[in-house]
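[1] Predicted model, plus sequence, below.
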Amino acid sequence: MRERIIAGNWKMNKTVPEALELIETIKYELSRDDYKIVVCPPFTALYSVGGAVSGTPIALGAQNVFWEDRGAFTGEISPVMLADLGVEFVIVGHSERRRYFGETDEMINRKVRAVLAHKMRPILCVGETLEQREAGKTIDVVTHQLREALKGVSESEAKRLVIAYEPVWAIGTGRTATPLQAQAAHAFIREELNLMFGKEVGDQIPILYGGSVKPDNVADLTGMPDVDGALVGGASLKAESFIGIIENAQ
Ligand code: 13P
């Protein structure tokens, strides 16, 4: 059975007190164990949220990382620092980072490899823009992103990968991919992973859907055979909606 995961990407939200308030509620209302639950607070709240989830089934995730271990890289956070805080998952290559901070496929590949080298698990985000989808380029774009980001990743490292398919046009827009659109993209990503790492490994890599996931659409999405969970933005910022998503997931 493939692992199932629901991850909350808090993006640039929550002070430390706000983060603690949210995690305390989530932690006490968590009711199922067939999904792995991951929360990804901003860097400034990682230490406190890490303390709050320690000893619970909730895993700690970060939203970004730099690839060097240490050095003169003002403003960056290294994989060593994240691992030291008990971070298990790191979101890499989110479309907001590609778009606003100029992250290239080459940078994303370095980050993926750094996360794996430090025994953490990357949540690699891929996805097309509306313009690319309308031009019929979805498959080309996603293939390219996957191949470039996963260059040099070994079969044994690939067992720790998580992929998130996040169509850019569905992020924060209230516009969700239909379950069939999501399934088509996920099935195609699965084929690529099977080509890269062999079927045995590829079949076990969880592929999450991200983009306006809410309590009322999560069941249909996670009911699709290749949708193994969700990467949730806006709806992960309130305990009620995040718990709602966890409870309604198939
Ligand atoms: P929304 O759920 O707010 O659309 O964000 C999705 C996302 O970007 C998760 O990484």
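    Right, received. Where do you want to start? Numbering: from 1, shown residues only.
[2] mind checking which helix or strand the closest residue to residue 213 other than its chain neighbours is in?
    Distances taken as Cβ to Cβ, 6 or more residues apart in numbering place residue 230 nearest to residue 213, at 4.5 Å, with adjacent residues excluded. (Each C-beta comes from the backbone N, C-alpha and C, glycine too.) When elements are defined using DSSP states H and E, residue 230 is found to belong to strand 229-232.
[3] do that strand and the ligand meet at all?
    Yes. Contact between strand 229-232 and the ligand, assessed by Cβ under 6 Å from any ligand atom, occurs at 231, 232.
[4] For that strand, what does the pLDDT average out to?
    Mean pLDDT, strand 229-232: 98.
[5] what residues does it touch?
    Applying Cβ atoms under 8 Å, 6 or more residues apart in numbering, the set of residues contacting strand 229-232 from outside is 4-9, 35-36, 91, 123, 125, 164, 166, 206, 208-210, 213, 218, 221-222, 242, 245, 249.
[6] What's opposite the spatially most central residue of the chain in the beta bridge?
    Residue closest to the mean C-alpha point of the chain, counted by Cα atoms, centre = their mean, is residue 123 at 4.0 Å. Taking DSSP bridges as the rule, residue 123 bridges to residue 91, residue 162.
[7] Can you name the residues that contact it?
    Residues in contact with residue 123 (Cβ under 8 Å, 6+ apart) are 7, 38, 61, 89, 90, 91, 92, 162, 163, 164, 208, 231.
[8] Which neighbouring elements make contact with the top helix by length along the chain?
    Among the elements of the chain assigned as helix by DSSP state H, the one spanning the most residues is helix 179-197. With contacts defined as 3 or more Cβ pairs under 8 Å, 6 or more residues apart in numbering; DSSP states H and E, helix 179-197 has these neighbours: helix 138-149, helix 155-158, strand 162-165, helix 199-202, strand 207-210, helix 218-222.
[9] Let me see the contact set for the residue in the chain positioned nearest to the ligand.
    Closest approach of the chain to the ligand (Cβ to the nearest ligand atom) occurs at residue 233, with a separation of 2.2 Å. With Cβ under 8 Å, 6+ apart as the criterion, the residues that contact residue 233 are 9, 11, 171, 172, 210.
[10] Tell me how many other residues surround the fourth one.
    Applying other Cβ atoms under 10 Å, we find 12 residues neighbouring residue 172.
[11] and if you look at the last one?
    Each residue near residue 210 was counted by other Cβ under 10 Å, and the total is 28.
[12] Test of understanding: give the bridge partners of it.
    Partner residues in beta bridges with residue 210: residue 231, with DSSP bridges as the criterion.
[13] Could you report the pLDDT at it?
    pLDDT, the model's per-residue confidence, is 97 for residue 210.
[14] What is the neighbour count of residue 159?
    Counted with other Cβ under 10 Å, residue 159 comes out at 13.
[15] Please name the nearest non-neighbouring residue to it.
    residue 201 (6.0 Å).
[16] Number of residues surrounding that neighbour?
    Using other Cβ under 10 Å, residue 201 is surrounded by 18 other residues.
[17] any idea how far it is from residue 67?
    23 Å (Cβ to Cβ, to the nearest Å).
[18] ok, now residue 118?
    For residue 118 relative to residue 67 (Cβ to Cβ), the value is 10 Å.
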